[in-house]
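In: Take this sequence and fold it.
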Amino acid sequence: MITSLEQAILPLNSTMQDAINALNISTLKIVLIINEQHQLVGVITDGDIRRAILAYHGLNSAVDLIMSHKPVTAFQGDSASKIKHLLEVNKLLHIPILTQDQRILGIETRDHLFGVGKLTNPVFIMAGGFGTRLRPLTSSCPKPLLKVGRKPILENIIESFSSFGFEQFYISVHYKADMIKDYFGDGSTLGVDIEYIEEKTPLGTGGALSLLPDVFEPVILMNGDLLTKVDFSELLAYHQEEKAAVTMCVREYEFQVPYGVIQSENNRVTNIVEKPVEKYFVNAGIYVISPEVIHKLKVNEYLDMPDLINACLANEERISMFPIHEYWLDIGRMSDFERAQSDAINFF
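Out: The predicted structure is shown next:
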């Protein structure tokens, strides 16, 4: 049982931003909310934060609005077998252990009771692009091999997945494929298994998926020019919880209209909103795709991801959104690459 919980406990008057900070710092993947008597009154998990973002709750929202008010708990003296049963039945990663008067003694975790396991889900990384917007840097080097800090972008990605227990990788290559294959080999130097998917002609992200060997578990697909601190194990758990055909990672994007916006009804003005801020969710280039979707693809047929997702929607399959609140950067332009160099010092 973990008893050092200072960074994971917040008072009831805290905000959603406080909870995000606590989740990022504590590594326990849960925040415990207490009242003035130091009794547990709720918990917040990564999933609670993402659902709050999708509901457009602001960062200053009170934790009371987004927390689970009746978390599953165990009590001092409960046996390990009982706590294991609670974790299994409720599909939990952790469970607070309380005194009889609801004060927190510690947290028991699935990793501690069941052991940390490797994840067998394949990771598919798209690394075949020409990187034309980063020329002349990419004239002699494929973009995934450009260094951010002391390591290539792609090495940062593989190490991040590996830290969450993923060890089976497929890398789609085309432009300067041999340079990527020579650098990473079979992945043994990074402690992972790497196989390469060679596109003779670019097939689009969805089309490249058709070249994967038979897969029987959800696949995480990611563009090979992203830097992020997303918790990929949480992403996979979210996809399975949602029972989705495809889960898309999304980022909240907002911009301010530089004019007063007129609201009207027929030809009458009903209101004027001065320089309103519009919010949207945009595609973050990371997906979880169920094997049933991949099995339907036609081999070697060009297909972009928007077309694949629209086809799933036409078949009334579930497409879920996983909002990212962690660090994320798409290295598409020279300014992004320059920013990545300074971010690498703080985040990688």
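In: could you pull out the strands for the stretch 151-300 of the chain?
Out: Listed in chain order, the strands of the stretch 151-300 of the chain (DSSP state E, counting those that start in this stretch) span 151-152, 168-173, 193-198, 219-223, 226-228, 246-256, 260-265, 268-274, 277-289.
In: Below-threshold pLDDT in the chain: ranges please.
Out: 115-117, 347-348 (pLDDT under 70).
In: Enumerate every residue touching residue 51.
Out: Going by C-beta atoms under 8 Å, 6 or more residues apart in numbering, residue 51 touches residue 66. Heads up, the C-betas are built off the backbone N, CA and C, glycines and all.
In: what's the answer for residue 133, then?
Out: Residues counted as contacts of residue 133 (C-beta under 8 Å, 6+ apart) are 332-334.
In: Export those to TSV and append columns for neighbour count.
Out: Listed next are the contacts of residue 133 as TSV, based on neighbours: other C-beta atoms under 10 Å:
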residue	neighbour count
332	17
333	11
334	12
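In: Let me have those in TSV, extended by distance to residue 82 and secondary structure.
Out: Shown next, in TSV, are these (distance: C-beta to C-beta, whole Å; DSSP: H, G, I helix; E, B strand; the rest coil):
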residue	distance to residue 82	secondary structure
332	51	coil
333	55	coil
334	58	helix
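In: quick revisit: kindly present the strands of the stretch 151-300 of the chain as JSON lines, with separate columns for mean neighbour count and distance to residue 102.
Out: Shown next, in JSON lines, are these (neighbours: other C-beta atoms under 10 Å; distance: least, C-beta to C-beta, whole Å):
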{"stretch": "strand 151-152", "mean neighbour count": "18", "distance to residue 102": "47"}
{"stretch": "strand 168-173", "mean neighbour count": "23", "distance to residue 102": "43"}
{"stretch": "strand 193-198", "mean neighbour count": "16", "distance to residue 102": "47"}
{"stretch": "strand 219-223", "mean neighbour count": "24", "distance to residue 102": "39"}
{"stretch": "strand 226-228", "mean neighbour count": "22", "distance to residue 102": "37"}
{"stretch": "strand 246-256", "mean neighbour count": "16", "distance to residue 102": "35"}
{"stretch": "strand 260-265", "mean neighbour count": "10", "distance to residue 102": "49"}
{"stretch": "strand 268-274", "mean neighbour count": "9", "distance to residue 102": "46"}
{"stretch": "strand 277-289", "mean neighbour count": "17", "distance to residue 102": "37"}
